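# give me the fold of what follows.
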Amino acid sequence: MGRMFGTDGVRGIANKELTAELAYNLGRAGACVLAEGAHKPKILVGMDTRISGEMLEGALVAGILSVGAEAVTLGVVPTPAIAYLTRKYGADAGVMISASHNPVEYNGIKFFDHNGYKLSDEMEDKIQSLIEGDFKGVYFPVGEALGRKVIIETAIEDYIEFAKSTIHMDLKGMKIALDCANGAAYKAAVEAFRALGAEIEVIHNHPNGVNINKNCGSTHMEELQSLVVSKGCDMGLAFDGDADRCLCVDEKGNIVHGDFMMAICGKYLKDQGKLKDDVVVATVMSNLGLEIAMKEVGISVLKTKVGDRYVLEEMIKNDYKLGGEQSGHVIFLDHNTTGDGLVTGLQMTAVVKQSGKALSELALMMTELPQVLVNAKVPNDKKDVHEKDSDIVKEIKKIEEKLNGRGRVLIRSSGTEPLVRVMLEGKVQSELEEMAHRLADLIRVKASEVVYKEEVAVAKELLVCK
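Numbering: from 1, shown residues only. Next up is the predicted model:
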């Protein structure tokens, strides 16, 4: 069996790949590993709005209860609410059922430890090992030793109060457009901004179980862009399905993505004396323009592997205060232990209000270099073909020589899909697109050739055996 956990928990098509049985086993194993030594472990469980959430919640909770732990269900809450409330409620762990920005047929299960941090690879491997070992040595209680389910109906209000407390001003005089992606932000974002005095225009905040992320939210921002302009809003905020990410739209309708947001907030925090060591942590996917902009204001950018968990690990090492991804996962470590879309949206709005400048003007501090991303579909076990095939290696070297130090080539494997992502960055968009597509096509072809050769070898071996 391959590694069960991807870059952000266990994901798959609900009831096909992510089955109720797997959720049950994850509940059992997670409770055993994360609450080891606790007399009566308490584990929080939340979910986004997708239809499969209740099925998986039931199975996950059953698994938690079966090992004698207490399952505390919070209903529909954002992923960052789980991180925060695990600490607030003194729980031993938290679990979120969500597939983030993915379509409704997908779902996922991600764990947080008692401090509200996503798990390390080692902890995830322990959970998988327990499942693969058929829970050998695990005691399953009976009678009064079984776990109980507890329901907390005020969890979302507790999270909203926390999010509001992260800014020290009201938002009166600000007109904000919100796209809640028919997901977990549908109540928290609306209530928080309204309570802080902002005038709001809201779209996609009527989830029905199947419309989460459907042509809306942070992956489909066209409607929000139009709304901001037509309603004369100061800015717009787009959340994803579980509200751990947020992207902005300026008053002119332009998208302001995570790199710009980190640049704006990084400078603001530095000016306030709150940016530890004048460092911002980003991933290798962040635009080179971010590094250039930050250097101009005396800020260094540290780069990690793709995934907000790796950004967080780097931040924790030296207590860095700000980090994130171009996709809108932004971590304000003074406030929460994971990417928090609502907190990010509030921070950005507060910066705009306090600066007295339009968001478009603030965004001028960074110039984005052209960046092209092309996906090459390959089998999961062939995602390293670009490292092994000599023709691909030669093509990459050829492209790097052409960029001549004024751009870069970045190739990485998707942690959740059978894809290799080819990213090129440089000065001329048309050239980048041509080179990126050519390289992606080569990777696709070479992966297919390897599969074909393996199949031929197997067929010949079978013939010999006969």
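
# got the end-to-end distance for stretch 33-49?
Stretch 33-49 has an end-to-end distance of 28 Å (criterion: Cα to Cα, to the nearest Å).

# strands of the stretch 51-200 of the chain, residue ranges please.
70-76, 93-97, 106-113, 149-151, 175-179, 199-203 (DSSP state E, counting those that start in this stretch).

# same question, the stretch 351-466 of the chain
Along the stretch 351-466 of the chain, the segments classed as strands by DSSP E, counting those that start in this stretch run 371-377, 408-413, 419-425.

# what's the average pLDDT for the shortest one?
Averaged over strand 408-413, pLDDT sits at 88.

# give the other helices and strands that that strand contacts.
Packed against strand 408-413, as judged by 3 or more Cβ pairs under 8 Å, 6 or more residues apart in numbering; DSSP states H and E, are the following elements: helix 390-403, strand 419-425, helix 429-465. C-beta: built from backbone N, CA, C; applies to glycine.

# most tightly surrounded among the strands of the stretch 351-466 of the chain?
strand 419-425 (a mean of 22; mean count of other Cβ atoms under 10 Å).

# how far off centre is that strand?
18 Å (Cα atoms, centre = their mean, to the nearest Å).

# can you list the domains in the protein?
The chain breaks down by automatic domain parsing into domains covering 10-153, 158-363, 371-465.

# which of those sits closest to residue 4?
For those, the distance to residue 4 is smallest for domain 10-153, at 4.5 Å, taking Cβ to Cβ.

# let me see the mean pLDDT of that closest one.
95.

# now find how far off-centre it is within its chain.
Worked out by Cα atoms, centre = their mean, domain 10-153 lies 18 Å from the chain centre.

# now the end-to-end length of that domain.
With Cα to Cα applied, domain 10-153 spans 26 Å between its terminal residues.

# ditto for stretch 204-220
Distance across stretch 204-220, first residue to last, is 11 Å (Cα to Cα).

# same thing with stretch 404-412?
21 Å.

# circling back: closest one to residue 338 among the strands of the stretch 351-466 of the chain?
strand 408-413 (21.4 Å).

# hmm, who's touching that closest one?
Under the criterion Cβ atoms under 8 Å, 6 or more residues apart in numbering, residues 284-285, 288, 306, 383-384, 386, 396, 399-400, 403, 419-426, 439, 443 lie in contact with strand 408-413.

# what of stretch 134-142?
28-29, 32, 66-68, 130.

# just to revisit the earlier point, mind checking which of the strands of the stretch 351-466 of the chain is nearest residue 89?
Of all the strands of the stretch 351-466 of the chain, the one in closest proximity to residue 89, counting by Cβ to Cβ, is strand 408-413 (36.5 Å).

# now the closest one against helix 429-465, angle please.
Angle, strand 408-413 to helix 429-465, by axes from the mean of the first three to the mean of the last three Cα atoms, to 10 degrees: 40 degrees.

# now the angle from strand 408-413 to strand 371-377?
Using the same axes, to 10 degrees, one finds that strand 408-413 and strand 371-377 are set 30 degrees apart in direction.

# list the pairing partners of strand 408-413 within its sheet, with orientation.
The strands beside strand 408-413 in its sheet (DSSP bridges) come out as strand 419-425 (antiparallel).

# ok, residue 251 - contacts?
Counting by Cβ under 8 Å, 6+ apart, the residues that residue 251 touches are 228-229, 232-235, 358-360.

# can you add neighbour count and pLDDT and give the residues you listed back as a markdown table?
Putting the contacts of residue 251 into a markdown table (neighbours: other Cβ atoms under 10 Å; pLDDT from 0 to 100) gives the following:
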| residue | neighbour count | pLDDT |
| --- | --- | --- |
| 228 | 28 | 98 |
| 229 | 17 | 98 |
| 232 | 10 | 98 |
| 233 | 24 | 98 |
| 234 | 20 | 98 |
| 235 | 23 | 98 |
| 358 | 15 | 98 |
| 359 | 25 | 98 |
| 360 | 15 | 98 |
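
# do you know which of the strands of the stretch 51-200 of the chain lies nearest residue 166?
strand 175-179 (15.9 Å).

# residue 197 against residue 169, yeah?
No. Counting by Cβ atoms under 8 Å, residue 169 is not a contact partner of residue 197; they are 9.5 Å apart.

# JSON lines for the strands of the stretch 351-466 of the chain, including distance to residue 57?
Listed next are these as JSON lines, based on distance: least, Cβ to Cβ, whole Å:
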{"stretch": "strand 371-377", "distance to residue 57": "32"}
{"stretch": "strand 408-413", "distance to residue 57": "31"}
{"stretch": "strand 419-425", "distance to residue 57": "29"}
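
# got the buried residues for stretch 196-204?
196, 198-204 (16 or more other Cβ atoms under 10 Å).

# now tell me what touches that stretch from outside.
Residues from elsewhere that reach stretch 196-204, judged by Cβ under 8 Å, 6+ apart: 164, 167, 170-182, 186, 190, 193-194, 211, 216-217, 223-224, 227, 231, 233, 346, 349.

# how about a cut-off of 7 Å?
164, 170-172, 174-182, 190, 193-194, 216-217, 223-224, 227, 231, 233 (Cβ atoms under 7 Å, 6 or more residues apart in numbering).

# neighbours of residue 91, just the number please.
Residue 91 has 25 neighbouring residues, counting by other Cβ atoms under 10 Å.

# how about the helix or strand in which residue 311 is found: buried residues?
Using DSSP states H and E, residue 311 sits in helix 308-318. By neighbour count with 16+ other Cβ under 10 Å, helix 308-318 contains the buried residues 308-316.

# what's the spacing between the nearest residue to residue 209 once chain neighbours are set aside and residue 24?
In space, and not counting its chain neighbours, residue 209 is closest to residue 51: 3.8 Å by Cβ to Cβ, 6 or more residues apart in numbering. Distance of residue 51 to residue 24, given as Cβ to Cβ, to the nearest Å: 19 Å.

# do residue 366 as well
47 Å.

# of these two, which one has the most company?
residue 366 (22 against 19).

# for the more buried one, which non-adjacent residue is closest in space?
Closest to residue 366 by Cβ to Cβ, 6+ apart is residue 293, at 3.8 Å.
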